[in-house]
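S.K.: Give me a model of this one.
(one chain, ligands or ions: 1)
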Amino acid sequence: MKYRTLGASGARVSELCLGAMTFGEADEKSMMHKVSTPEAESLALMSRALEAGVNFWDTANVYGQDGLSERVIGKWFAETGKRHDVVLATKCRFGMGPGPNDRGASRLHIKRALEDSLRRLGTDHVDLYQIHMQDAQTPEDEVVAAMDELTREGKIHYFGVSNYAAYRLVESLWASDRRGLSRLVTLQAQYNLIERSLEFEHIPALRRFGLGLLPWSPLAGGFLSGKYRRGAAAPADSRLGIKSQRFEGVDKEANWKILDVLLEVAKEVEASPAAVALAWLLKQPTVSSVIIGVRTAAQLDDNLRAAELSLPEGAIAKLTAASAPTLHYPYAFLKNIDGRW
Ligand SMILES: NC(=O)c1ccc[n+]([C@@H]2O[C@H](COP(=O)([O-])OP(=O)(O)OC[C@H]3O[C@@H](n4cnc5c(N)ncnc54)[C@H](OP(=O)(O)O)[C@@H]3O)[C@@H](O)[C@H]2O)c1
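M.R.: Modelled structure (predicted):
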């Protein structure tokens, strides 16, 4: 396993991060119902990942409903005593209860949500605390002030954001700089071979300001593992087989064409499509760590191979060309004149 710095911070994280969205047997109230991993297997996945050098884990208070994922991680910490071997990331912002302040990115909710997460995780601090999605109703000044206070209190070491528009990301930096407060270090966002829209605004902004990207859903919910086939029903025990609306979201000819090239490259380099798709992400600028999602130990082993896979330049170029997003104005104009933007 190789290690990279966590965005703008000096903390070292494994280039593959263990995503905990599926940890624990989620009930019907959770979006992970029927596609999650029972507690005992989740505990084993954490041990296996750490043994393989994966020292960075990502969860959220909403994963698995009522803090289930955080509670499973807390149980693993209590059983193994290995809290300090892990760089732990969690998030707040989405609803954790019926009240108007049980959600959002206000100082009020951020601080209350962190106390609840610490209790479930059985720890006195979180290494990377993230706003799960921008909150249009809360001024960004209030968000960075709350995160700065938590940093000074020693309850978090760094803060990051997720699912932010690029203008809002820069506004966050601006608010921190104007007030002399801690800055965000990472953006967590969806990025994979069939979803590359971050390349227009977000990745140039991350580059310009020295921040790190943590791609989520790197296999597009499993689509890029190669187990789905054009014109065939999705396997019944798979995430996209169970969540049919999500399958409809990816079942597009343009995506199947990208998958065709991925399968071709995987054959050429004698690796699994999942490992190749993850290895392609590891070659993209600003990526600090790719957040892998796994339901089984076999998937974990498959995906871990990405860290050992050195993709030839030709293979990377082929995947990049086959999955290139359409350039609209002003990017087409800028590229035409300057060759970049
Ligand atoms: N910030 C956010 O808003 C946000 C949103 C989503 C996710 N995340 C983070 O990103 C992490 C990963 O997201 P994700 O679970 O959507 O990632 P993903 O890699 O796109 O999808 C993971 C799913 O694909 C299937 N899979 C994975 N590896 C496979 C393999 N080698 N062979 C066959 N199937 C395989 C499994 O589902 P099945 O076996 O059930 O088919 C697995 O649960 C999450 O745990 C979470 O930490 C963050």
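S.K.: The lengthiest helix in the chain close to the ligand?
M.R.: Identified as the longest helix of the chain according to DSSP state H is helix 253-269. No. On the criterion Cβ under 6 Å from any ligand atom, helix 253-269 is out of touch with the ligand, staying 11.4 Å away. Any C-beta I mention is one placed from the backbone N, CA and C, and that applies to glycine too.
S.K.: In CSV, could you pull the C-alpha coordinates for that helix?
M.R.: Taking Å, rounded to 0.1, in the frame of the first residue of the first chain, the C-alpha atoms of helix 253-269 are listed here in CSV:
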residue,chain,number,x,y,z
GLU,A,253,-25.5,3.4,-24.3
ALA,A,254,-22.7,6.0,-23.6
ASN,A,255,-21.9,4.2,-20.3
TRP,A,256,-21.9,0.7,-21.9
LYS,A,257,-19.4,2.0,-24.5
ILE,A,258,-17.1,3.1,-21.7
LEU,A,259,-17.5,-0.3,-20.0
ASP,A,260,-16.6,-2.0,-23.3
VAL,A,261,-13.2,-0.2,-23.4
LEU,A,262,-12.7,-0.9,-19.6
LEU,A,263,-13.3,-4.6,-20.2
GLU,A,264,-10.8,-4.5,-23.2
VAL,A,265,-8.1,-2.7,-21.2
ALA,A,266,-8.7,-5.1,-18.2
LYS,A,267,-8.1,-8.0,-20.5
GLU,A,268,-4.9,-6.4,-21.9
VAL,A,269,-3.4,-5.8,-18.5
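S.K.: That helix - contacts with which helices or strands?
M.R.: In terms of contacts (3 or more Cβ pairs under 8 Å, 6 or more residues apart in numbering; DSSP states H and E), helix 253-269 is packed against helix 273-282, helix 313-322.
S.K.: any idea which helix or strand comes after the first one?
M.R.: So that's helix 273-282. Moving toward the C-terminus from helix 273-282, the next helix or strand (DSSP states H and E) is strand 290-292.
S.K.: Please enumerate the helices of this structure.
M.R.: Secondary structure of the chain (DSSP H): helices at 39-51, 68-80, 107-121, 140-152, 166-179, 202-209, 239-242, 244-250, 253-269, 273-282, 297-304, 313-322, 331-338.
S.K.: Name the residues that touch the second one?
M.R.: Think helix 68-80. Here helix 68-80 makes contact (Cβ atoms under 8 Å, 6 or more residues apart in numbering) with 20-24, 26, 30, 39, 42-43, 46-47, 57, 59-61, 63-64, 82-83, 86, 88, 90, 117, 120-123.
S.K.: Next to the ligand in this structure, residues from the stretch 151-300 of the chain, please.
M.R.: So the stretch 151-300 of the chain meets the ligand at 162-163, 188, 216-222, 225, 227, 238-239, 274, 291-295, 299 (Cβ under 6 Å from any ligand atom).
S.K.: Which of the residues you listed are buried? Put it as a ChimeraX command.
M.R.: In ChimeraX syntax, the buried subset of those is picked out as below (16 or more other Cβ atoms under 10 Å):
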select :162,163,188,216,217,218,219,220,221,222,225,238,239,274,291,292,293,294,295,299
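S.K.: Tell me how far Ala113 lies from Glu39.
M.R.: From Ala113 across to Glu39, the span is 23 Å (Cβ to Cβ, to the nearest Å).
S.K.: neighbour-wise, which of these two wins?
M.R.: Ranked by neighbour count (other Cβ atoms under 10 Å), Ala113 and Glu39 place Ala113 first, with 26 against 16.
S.K.: wait, that one sits on Val62?
M.R.: No. With contact defined as Cβ atoms under 8 Å, Ala113 does not reach Val62; the gap is 9.8 Å.
S.K.: shared neighbours of those two, anything?
M.R.: Residues touching both Ala113 and Val62 by Cβ under 8 Å, 6+ apart: Met96.
S.K.: Need the nearest residue in space to the residue of the stretch 151-300 of the chain found nearest the ligand, chain neighbours excluded.
M.R.: Residue nearest to the ligand within the stretch 151-300 of the chain (Cβ to the nearest ligand atom): Gly293, separated by 2.0 Å. Using Cβ to Cβ, 6 or more residues apart in numbering and skipping residues adjacent in sequence, the residue nearest Gly293 is Gly19, 4.4 Å away.
S.K.: And Leu262, by the same measure?
M.R.: Of all residues not flanking Leu262 in the chain, Pro273 sits nearest, at 5.2 Å (Cβ to Cβ, 6+ apart).
S.K.: For the one you found, list the residues it contacts.
M.R.: Listed by Cβ under 8 Å, 6+ apart, the contact set of Pro273 reads 224-226, 259, 262-263, 266.
S.K.: hmm, try it at 10 Å
M.R.: 193, 219, 223-227, 259, 262-267, 302 (Cβ atoms under 10 Å, 6 or more residues apart in numbering).
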